[in-house]
Structure formats: structure tokens, C-alpha cells
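Asks: no FASTA, just this:
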């Protein structure tokens, strides 16, 4: 394989699709990075499951207020116009279809939109958090992920083999190699790295990549 | 009417063995750490209560608060969504050794089960967990062409919660994201005890600012300078203090 996008570049690409005025939930960890790359002139309002809309950057070390944290238990700050609410209201926003976009990480995504991102199997202590709620209700559920696992195996598959987070819930996948929509039970290729051939991309993808119209070059800035 | 309780020890004195206890907070924010420690103090002296079922979003962090309650051996079962943290060793070791039961519930379902318990709604349908391992054995029904999973209410004998301002009628406000599960748990328990930063007389809270109306609260106890789990953990604190 030639080159691939860094996590920051995947996050940048996902951020380009967030419209002005969107209400957005970013999953814990890698997806949080998307907030850094909001295009100039657009304003998104970020939601966190533990009861805050409209939070901003992390505070400077030493100025944290531990009553003001995000779902990852990290200290946050507020933007003007922020709001607090309890957990039932927070998940009403999620399941009630009020969020415009949820962006999550993934272990595996299937061509029918199934997502596995909460458990790698029966060993250890199971923990689900809000992942199973977040995949239902947001108008768009997008995944950002490396295209393959650390040992080179496809993460985009015909069927997930790990325990599911949700059934048929993902609508778009931003990977280190491509942008892929999920439509009618198929992966539909929208963008790919110009340095890769379609055959090379298909070889690291665990289900057929369908072509439906032009495939654009996936071009992102150096970050 | 005066729901004030003079001491933390009095506040937790009536929780019996085997009780279901909801404990507010999300991680450390909004966690009633002084009430939890008072419960541990009682156990150190009397050996009770034990065999508790605890409802919380998490499973504790480090060796204070909920983690200390588990470490003390007082918790038989935990109902939570995310039993991981920066330092989840206490729960993890006990769980893997078979010493504590875990009921894992998606976070939004946990919140809604508690809300339903407080609202007198025995069951509800949610899209969450449909088609996953966590929906196994639960009834499914279609509404407007989509499948939903039936979930049951969750109620408790006691709720231990943390709020900011409280008046002697039990009306409560919260501080920032420390609200989280606290108002829901206040509704769902037969007896809710709130630790608050400051107690006022009735009228001391603008009625427009009340988040939890006093009808949901049975007792309040003032803890002016409550501790934060995060800060205790950064100092590697243990509760009760480890004797060298």
C-alpha cells in the first residue's frame, strides 16, 4: 500500500460535511478531533451525553472545573449559548432524532450499515456507554476509521463478526483511504486517494465497492 | 416541614442490607462522594449495610467514592453502562474473580429506565440495542415499520445524590454538568437523600431555578466543601485511608 490519511486528516474530511448550524455528537476519543476542523464561517453546536450542548475547547491545565466534563470525563469549557440538561433529556435529543450528525469510531462496519464498535468479544469487562443509543436517532450516523485493522485486515465487511452496536445504522464511512456511503445494503464509493487504484482499494475492503457516478479524488491538506 | 438531616452519618443510617441504591453522578461530576464515604464509615463500624445493588453510570475510579464502596465489599450487584475508567482496577478485579454481578445497560436506556421508574411507567420501547447482545430475551415490537426493544422501569429503595443549592423543603438546583443522573434518580427512589453545597430556608431558591422539586426528596444534608473524585484520584487517595 502506498500512503494513507492520518487520523487528523480523516477527521478534517469528516468535518467538511458538517453544515452550518448542525447539532453534532462526537464519540469519545478519535472522533473528538473532528471539532478542531470546522470550516471557517460554519458553526456547529456540540452535544455530549452527560448533559451539555455548546461546549468548546479543553481548558488550560490547572483551570479545570471537574463539574464541567464531557462524556470522556475530560474537562471542557462552554461557548456562549451553552445549555445544561439531565441525562434523560440528553438521550431524548439522541433517540428523538434531534441531532443532525453523530460521528463514531468503529471496529467493523458492514455493507448493510451494521456497526460493531463496543466489544471485541466475551473476554474482560463489557462496557457500552452511550454507543448503542447514539447510532439511533441522529439524522446522519457517520464513522471515521482506519480502512484496515492494525494487522491489515479489512474493517469494512460484508458482515460484522464482532458484537453489534446497532443494525443498519451507518450512512457514511470516512476512512484513511476513501469516503464510502452505505446505500441499499451496499458500499458506494464516493472518494478515494488518487494514488490508489480501484483494484488496490477493493483488495483491502471486505465487501464489494459499488460505483454509482463519478469517484472523486480524496484530497486533504497536510495537517 | 424540614427535611434537613444533621449529619452524613444520620443521612445513611437507615439503608439496610440488600437495598437497591441509586448513586448519582457521571464519573466524579455530581457524585455524592461524602454520602458514599459515610456509608463506608457505617460499614467499617457495624458491618452493615452489605449486599447492596448499586445503580450508577460507571463502576468507580481509583479507590474513593463508588470504587471504595465496591472495594469495601458492600456491593453485590452493579447496574451501569460503562464500568471502565482511568483506574477501574477495583471493579475489574472483583468482576473477573466472580465477586460482583454486573447488569450492563446502554446509557440512554439506563437514564430512561430510571426516569420511567420515577414516572410510574413500567415499561417502554426504545430503538437502542435492537439486534445486539444486550437485547437478547427482550420483547421486540414494530412501530411505524421499525423494530423497538421493550425495557423495564428501574426503581430503588434509596437514592444518594449531589446537588448545589437545597432548601429545607428539598427543592434542588445543580451545578453545570453535575446534574446528569441526579434529578432522575431523585424521582425513582422511595427515599432520596441529597448532599448539597448549601442549604437555604424556603424561598432561598427562585422557583424558576428549581430543577428537582422537593416532592422527590426526603432528606438533605449540607456538605459545604465537597471533594472531587478526580482531584482525590490525582492525589492517589484511598478511602478509608490506608494504614501504612
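Replies: Yes, it's here. Because the structure is predicted, anything quoted here is derived from the model rather than measured.
Asks: with adjacent residues omitted, what lies nearest to residue B:9?
Replies: residue B:38 (5.6 Å; CB to CB, 6 or more residues apart in numbering or on different chains). Bear in mind the C-beta positions are built from the backbone N, C-alpha and C, glycine included.
Asks: what sits against that neighbour?
Replies: The neighbours of residue B:38, taking CB atoms under 8 Å, 6 or more residues apart in numbering or on different chains as the test, are B:8, B:9, B:11, B:12.
Asks: residues near residue B:175, how many?
Replies: Other residues within reach of residue B:175, judged by other CB atoms under 10 Å in any protein chain shown, total 17.
Asks: that one is in contact with residue A:67, isn't it?
Replies: Yes. Using CB atoms under 8 Å, residue B:175 is in contact with residue A:67, at 5.1 Å.
Asks: now the strands for chain B?
Replies: B:20-23, B:52-55, B:75-80, B:101-104, B:123-126, B:140-143, B:146-152, B:156-167, B:189-200, B:219-222 (DSSP state E).
Asks: okay, now the unreliable bits of chain B?
Replies: B:242-244 (pLDDT under 70).
Asks: so which bits of chain A are right by chain B?
Replies: A:48-52, A:64-69, A:73, A:84-88, A:90-91, A:94-95, A:114, A:119, A:124-133, A:136-137, A:163-167 (CB under 8 Å from any CB of the partner chain).
Asks: give me the subset of those residues that lies in strands.
Replies: A:48, A:52, A:84.
Asks: mark which of these are buried, thanks.
Replies: A:48, A:52, A:84 (16 or more other CB atoms under 10 Å in any protein chain shown).
Asks: so who does the second one touch?
Replies: Residue A:52 makes contacts with A:68, A:70, A:76, A:78, A:82, A:83, A:84, B:176, B:177, as judged by CB under 8 Å, 6+ apart.
Asks: the third one: what's it in contact with?
Replies: When the contact criterion is CB under 8 Å, 6+ apart, the partners of residue A:76 are A:48, A:52, A:55, A:56, A:57, A:58, A:59, A:68, A:69, A:70.
Asks: so which of the residues of chain A next to chain B sit within helices?
Replies: A:87, A:88, A:90, A:91, A:94, A:95, A:131, A:132, A:133 (DSSP state H).
Asks: buried ones from those residues, can you make that a PyMOL selection?
Replies: In PyMOL syntax, the buried subset of those is picked out as below (16+ other CB under 10 Å):
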select buried, chain A and resi 87+88+90+91+94+95+131+132+133
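Asks: biggest separation within the ones in helices among the residues of chain A next to chain B, which pair?
Replies: The largest separation in these, counting by CB to CB, is between A:88 and A:131 at 17.9 Å.
Asks: switch the strands of chain B over to CSV; also include distance to residue A:28 and mean neighbour count.
Replies: Listed next are the strands of chain B as CSV, based on distance: least, CB to CB, whole Å; neighbours: other CB atoms under 10 Å in any protein chain shown:
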stretch, distance to residue A:28, mean neighbour count
strand B:20-23, 22, 27
strand B:52-55, 22, 24
strand B:75-80, 16, 21
strand B:101-104, 17, 16
strand B:123-126, 21, 17
strand B:140-143, 28, 10
strand B:146-152, 23, 17
strand B:156-167, 23, 26
strand B:189-200, 28, 22
strand B:219-222, 34, 22
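Asks: out of the ones you listed, the one nearest residue A:215 is which?
Replies: Among those, the nearest to residue A:215 by CB to CB is strand B:146-152 (32.1 Å).
Asks: for that closest one, name the packing helices and strands.
Replies: helix B:107-119, strand B:123-126, strand B:140-143 (3 or more CB pairs under 8 Å, 6 or more residues apart in numbering or on different chains; DSSP states H and E).
Asks: any idea how far the residue nearest to residue B:9 lies from residue A:147?
Replies: Look at residue B:38 and residue A:147: by CB to CB, to the nearest Å, they are 52 Å apart.
Asks: how about the residue of chain A positioned farthest from its centre, secondary structure?
Replies: Each residue of chain A has a distance to the centre, and by CA atoms, centre = their mean the biggest one is for residue A:62: 30.0 Å. At residue A:62 the chain is in coil, as set by DSSP: H, G, I helix; E, B strand; the rest coil.
Asks: what are the phi and psi values for residue 24?
Replies: By default, I'm working from chain A. Backbone torsions for residue A:24, taken as degrees, to the nearest 10, come to phi -130, psi 140.
Asks: correction: the question concerned chain B.
Replies: Torsion angles at residue B:24 (phi, psi; degrees, to the nearest 10) stand at phi -70, psi 170.
Asks: what sits against the residue nearest to residue B:119 when sequence neighbours are not counted?
Replies: Ranked by CB to CB, 6+ apart and with sequence neighbours excluded, the top spatial neighbour of residue B:119 is residue B:187, at 6.8 Å. If you count contacts by CB under 8 Å, 6+ apart, residue B:187 has them with B:114, B:115, B:117, B:118, B:119, B:212, B:216.
Asks: can I get the buried ones among the ones in strands among the residues of chain A next to chain B in CSV including pLDDT?
Replies: Converted to CSV, these look like this (pLDDT from 0 to 100):
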residue, pLDDT
A:48, 97
A:52, 98
A:84, 98
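Asks: mind putting those into CSV with distance to residue B:104?
Replies: Output for these, formatted as CSV (distance: CB to CB, whole Å):
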residue, distance to residue B:104
A:48, 21
A:52, 24
A:84, 27
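Asks: with those in mind, which one is nearest to residue A:105?
Replies: residue A:48 (15.7 Å).
Asks: partners of the closest one in the sheet?
Replies: As for beta bridges, residue A:48 partners with residue A:52 under DSSP bridges.
Asks: ok, it to residue B:111 distance?
Replies: Taking CB to CB, one finds residue A:48 at 14 Å from residue B:111.
Asks: now swap in residue B:81 and tell me
Replies: According to CB to CB, residue B:81 and residue B:111 sit 9 Å apart.
Asks: who has more neighbours out of those two?
Replies: Neighbours were counted for residue B:81 and for residue B:111 using other CB under 10 Å; residue B:111 has more, 29 against 25.
Asks: just checking, the more buried one touches residue B:182?
Replies: No. Checked against CB under 8 Å, the pair residue B:111 and residue B:182 is beyond contact range at 11.3 Å.
Asks: who touches both of those two?
Replies: residue A:86.
Asks: can you report how many residues neighbour residue B:86?
Replies: 11.
Asks: that one contacts residue B:58, doesn't it?
Replies: No. Contact criterion CB under 8 Å: residue B:86 and residue B:58 do not qualify, at 10.8 Å.
Asks: of the contacts of residue A:52, just the buried ones, ChimeraX syntax please.
Replies: The buried subset of the contacts of residue A:52, as determined by 16+ other CB under 10 Å, is captured in ChimeraX by this line:
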select /A:68,70,76,78,82,84 /B:176,177
